[in-house]
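**Q** Can you look at this prediction? I've put the sequence above it.
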Amino acid sequence: MSLIEVKHITKQYQIPKREEGIIGALKSLFHREYITKIAVDDISFSIEAGEMVGYIGPNGAGKSTTIKMLTGILVPTSGEIRVNGLIPYRERQKNAKQIGVVFGQRIQLWWDLPTIDSFELLKRVYQIPEQRYKMNMEIFTEILGIDEFYQTPVRQLSLGQRMRADIAAALLHDPIILFLDEPTIGLDVVAKEKIRNFIQQINKERGVTVILTTHDMADIEKLTKRMILIDQGRVMYDGELAKIKELYGKNRFLIVDLEVDAKIEVQGAKLIKEEGKRKWIQFDREKISASELIHQLSNRYEIRDLTIEEPEIEDIIRQIYEQGLSI
Ligand SMILES: Nc1ncnc2c1ncn2[C@@H]1O[C@H](COP(=O)(O)OP(=O)(O)OP(=O)(O)O)[C@@H](O)[C@H]1O
Ligand SMILES: [Mg+2]
């Protein structure tokens, strides 16, 4: 059995239907009607111990809902979940001991307490042995620099500091699985890099299994080999990131600067944008090589400069969101 097993789970939310006007409001006081929203629609996957998996999808795809079911906060409408053998919502306490959770959009530490007090409280909640606690705090201090703001109440922490504190807090009790729901949201480049390095280290050195949702494709590129791509509550792709890049990353862009502006015509490629003398040409590297294309152009036009751009994983993912996936 895999460490995490998800079989045909669905989650429906009942949203109260709002009726207009005062009469409508009064009516709904006595007789509420609900609309069913299917947030997760028959999702299955399994994750092995030690894996680091990217759980990706556009806004509203059902990522956070899935994470909440895996952590036991939400009960699936149907389907089965096992996290290291446990049914999360039924054995929430036991499950909490083996997992760490970070919701980038929400603060988990005690708002008014100095940060260090939050850690002390967690130590008690999880009954973390003194020595273990000390050791972990030392490591987190070293890598995440959390000692900088020990005495600061959580409410006064900057976003980057708060995220570092949250991640440290989630790992204090040595969980075997770490759920990270947008751990780099809103952070600057340097802070993002710090967090990424730390996540990587935790996965490599401690063997912690990591499930990561993010809208930042750089997180995915840096951290994960496997990507589960979901949209409208369904799995669209589950596999290697490299494979998707290979399949969808065939398009290249040639950007040329002409000496003199001209109306460009190209065979086997597509002019997609122009700004004066600068032209953007899209081509499929399997249909025409860059050198053929350049040769063709330089025969007809005088070229001052050119560059070739590879598609970013972000472009590829956007393309999949927009046009669907056909593998
Ligand atoms: N508590 C709730 N009550 C009703 N509907 C909800 C609730 N939470 C989420 N939804 C709906 O379920 C769907 C999935 O939401 P979810 O938060 O899982 O998406 P997400 O993939 O995490 O999106 P994002 O990238 O924006 O965080 C959305 O349509 C959302 O509006
Ligand atoms: Mg979310």
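**A** Right, received. Where do you want to start? Ligands and ions are numbered 1, 2, ... in the order given.

**Q** What about the nearest residue to residue 259 once chain neighbours are set aside, how many residues nearby?
**A** Take residue 259 and drop its neighbours on the chain: the residue closest to it by C-beta to C-beta, 6 or more residues apart in numbering is residue 302, 4.0 Å away. C-betas here are computed from N, CA, C, even on glycine. The number of residues packed near residue 302 is 10, by other C-beta atoms under 10 Å.

**Q** what ranges do the helices span in this protein?
**A** Per DSSP state H, the chain carries helices over the ranges 21-30, 63-71, 92-98, 115-125, 130-144, 159-171, 189-206, 217-223, 241-248, 290-300, 313-323.

**Q** List the buried residues in the last one.
**A** Which is helix 313-323. By 16 or more other C-beta atoms under 10 Å, the buried positions in helix 313-323 come out as 313, 315, 316, 317, 320, 321.

**Q** how about the helices of the chain, which one is nearest ligand 2?
**A** Evaluated with C-beta to the ion, those place helix 63-71 nearest to ligand 2, the distance being 3.2 Å.

**Q** which other helices and strands contact that closest one?
**A** On a contact count with 3 or more C-beta pairs under 8 Å, 6 or more residues apart in numbering; DSSP states H and E, helix 63-71 meets strand 4-16, strand 34-47, strand 52-56, strand 78-83, strand 99-103, strand 177-181, strand 209-213.

**Q** try it again with 6 Å
**A** Identification of packing neighbours for helix 63-71 by 3 or more C-beta pairs under 6 Å, 6 or more residues apart in numbering; DSSP states H and E yields strand 34-47, strand 177-181.

**Q** can I see the domain layout of this protein?
**A** Following automatic domain parsing, one gets these domains for the chain: 42-245, 250-310.

**Q** Let me know which of those is the nearest to ligand 1.
**A** Smallest distance to ligand 1 across those (C-beta to the nearest ligand atom): 3.2 Å, for domain 42-245.

**Q** ok now the closest one, how far from the chain's centre?
**A** When distances are taken as C-alpha atoms, centre = their mean, to the nearest Å, domain 42-245 is centred 11 Å away from the chain's centroid.

**Q** Is there contact, residue-wise, from it to ligand 2?
**A** Yes: with C-beta under 5 Å from the ion as the criterion, ligand 2 is reached by domain 42-245 at 63, 64.

**Q** start to end distance for that domain?
**A** Terminal residues of domain 42-245 are spaced 26 Å apart (C-alpha to C-alpha, to the nearest Å).

**Q** same check, this time on stretch 146-163
**A** 10 Å.

**Q** For that stretch, the averaged confidence score.
**A** Averaged across stretch 146-163, the pLDDT comes to 90.

**Q** for stretch 220-227, same thing?
**A** Mean predicted lDDT for stretch 220-227 stands at 93.

**Q** circling back to that earlier point, distance to ligand 1 for the helices of the chain - can I get that in CSV?
**A** Output for the helices of the chain, formatted as CSV (distance: least, C-beta to the nearest ligand atom, whole Å):
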stretch, distance to ligand 1
helix 21-30, 16
helix 63-71, 3
helix 92-98, 18
helix 115-125, 25
helix 130-144, 24
helix 159-171, 16
helix 189-206, 17
helix 217-223, 13
helix 241-248, 19
helix 290-300, 36
helix 313-323, 12
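
**Q** would you turn these into CSV with distance to residue 105?
**A** Shown next, in CSV, are those (distance: least, C-beta to C-beta, whole Å):
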stretch, distance to residue 105
helix 21-30, 29
helix 63-71, 8
helix 92-98, 20
helix 115-125, 18
helix 130-144, 20
helix 159-171, 11
helix 189-206, 15
helix 217-223, 15
helix 241-248, 24
helix 290-300, 42
helix 313-323, 21
